[in-house]
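A.B. asks: I need the structure of the sequence given here:
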Amino acid sequence: MARRNRKPSQGRRAKAEPEPENQPAQGDLLEKVGPMGDVDRGDEEVIPVVFVSDMADEEAGPAPADPVATTPDPEVDDTLQDLAVDVAEPVEDQRLTTAARTASEGRLQEAVRLYIEILNETPGHSEAQFGLGTLYDDLGRPELAIERFLAASELDPRDAQVRASLGAAYGAVGRFEDADTELQLALDLDPRSLEVRVKEGLLAFRKGLYADAEVGLRGVCKRDPDHSAAHFYRGEALNRLGRVDEAVPVMERVIELQPHNWRAYHTLGMLFDRMHEPERAAEMHRRARELNV
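C.D. replies: This next block holds a predicted model:
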């Protein structure tokens, strides 16, 4: 099951960009108010689900036969059935799509609110559990991410990406034995998954194995040029390896994919500082400050 930029029909894709180690978390994270926290929905429009029933008048007796209406038409029946499914589509799915899109644009705090709103109403929604865990991990709160990933894994124990994400989160808190176990399980479940390979690279990065992380993530970037997380952590690995000239275009690609990702601007500012380009560095740091609110 693919999960990058999670959509209701394809999995939990809302992958905003993880931030490097030792960087401060963004915002307040909306942590734990009640079971999942109460969320102000503001002016959100509620879409009603309307069911139309056949209102026959028994006292008036049977209506005259209509030769057109009484002749079954399979194509018409199928069309009406499809329309009924569309009308009754769960509101959570619409919110999940919005949350995934919002996260992919780098508006992580807004996406957190949307996922919490879904889980307040449907705690067993595995897509939302995974999406919220991913955002907590991206925001530098792996301990909260682990809770969400564990909840998602209980709902779907054979989901390879959930296992891989749990392993990467364990790596962020130094539980490397648990991390390796979960990553191996994920690889056994889905050895060809790009998302599992991304988490494998992220775990290598968190272990300080920057060369291994760069090689693995480079392969993902070649296979999927739009994978923002792979580009971000590959750029960070290149930065840690001192390969500044290579890191700059990788981080610039992250900004193309996620124009609201303040961490990518921050890293670019540091890279331009190292290249002795103060004006470009100042511009990147300014953009990072504007976005990190």
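
A.B. asks: now the strands: where do they sit in the chain?
C.D. replies: For the chain, the strands defined by DSSP state E occupy 6-7, 11-12.

A.B. asks: Phe272 - nearest residue in space that isn't next to it in sequence?
C.D. replies: Ala281 (3.7 Å; CB to CB, 6 or more residues apart in numbering). For every residue, glycine as well, the C-beta is placed using N, CA and C.

A.B. asks: what's that neighbour in contact with, if anything?
C.D. replies: Residues near Ala281 by CB atoms under 8 Å, 6 or more residues apart in numbering: Gly269, Met270, Phe272, Asp273.

A.B. asks: out of those, which is most surrounded?
C.D. replies: Highest neighbour count within the contacts of Ala281, by other CB atoms under 10 Å: Gly269, with 22 neighbours.

A.B. asks: quick one: it from Asn239, how far?
C.D. replies: 11 Å (CB to CB, to the nearest Å).

A.B. asks: In the stretch 1-150 of the chain, where is pLDDT below threshold?
C.D. replies: Applying pLDDT under 70 to the stretch 1-150 of the chain flags the ranges 1-92.

A.B. asks: again, only using 90
C.D. replies: 1-96, 100-109, 138-139 (pLDDT under 90).

A.B. asks: do the same with the stretch 151-293 of the chain
C.D. replies: In the stretch 151-293 of the chain (pLDDT under 90), the answer is 260, 292-293.

A.B. asks: List the buried residues for stretch 182-201?
C.D. replies: 182-183, 185-187, 189-190, 193-201 (16 or more other CB atoms under 10 Å).

A.B. asks: same thing with stretch 232-250?
C.D. replies: 232-240, 243, 246-248, 250.

A.B. asks: As a markdown table, the residues you listed with distance to Pro225 would be great.
C.D. replies: Rendered in a markdown table, the data for the buried residues of stretch 232-250 read as follows (distance: CB to CB, whole Å):
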| residue | distance to Pro225 |
| --- | --- |
| Phe232 | 13 |
| Tyr233 | 15 |
| Arg234 | 12 |
| Gly235 | 14 |
| Glu236 | 18 |
| Ala237 | 17 |
| Leu238 | 17 |
| Asn239 | 20 |
| Arg240 | 22 |
| Arg243 | 19 |
| Glu246 | 16 |
| Ala247 | 17 |
| Val248 | 17 |
| Val250 | 11 |
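
A.B. asks: from these, which single one is nearest Gly219?
C.D. replies: Closest approach between those and Gly219, by CB to CB: Arg234, at 9.7 Å.

A.B. asks: gap between that closest one and His227?
C.D. replies: Arg234 is 10 Å from His227, by CB to CB.

A.B. asks: okay, and the common contacts of those two?
C.D. replies: Cys221.

A.B. asks: can you tell me how far Pro157 sits from His125?
C.D. replies: In terms of CB to CB, Pro157 sits 16 Å off from His125.

A.B. asks: quick one: which of the two has more around it?
C.D. replies: Neighbours were counted for Pro157 and for His125 using other CB under 10 Å; His125 has more, 24 against 11.

A.B. asks: Now that one. Nearest residue, chain neighbours left out?
C.D. replies: Ile118 (5.6 Å).

A.B. asks: In contact with that neighbour, which residues?
C.D. replies: With the criterion set at CB under 8 Å, 6+ apart, Ile118 makes contact with Glu92, Arg95, Leu96, Ala99, His125, Ala128.

A.B. asks: Could you rerun that using 7 Å?
C.D. replies: Ile118 is in contact with Glu92, Arg95, Leu96, His125, Ala128, counting by CB atoms under 7 Å, 6 or more residues apart in numbering.

A.B. asks: Pick out the most distant pair among those.
C.D. replies: Applying CB to CB across those, the maximum distance is between Arg95 and His125, 9.7 Å.

A.B. asks: Which member of the contacts of Ala281 is positioned nearest Gly171?
C.D. replies: Met270 (23.2 Å).

A.B. asks: Would you mind stating the distance between the closest one and Ile255?
C.D. replies: Counting by CB to CB - Met270 and Ile255 are separated by 14 Å.

A.B. asks: Could I get the full set of helices for the chain?
C.D. replies: 74-87, 91-104, 108-121, 126-138, 142-155, 160-172, 176-189, 194-206, 210-223, 228-240, 244-257, 262-274, 278-291 (DSSP state H).
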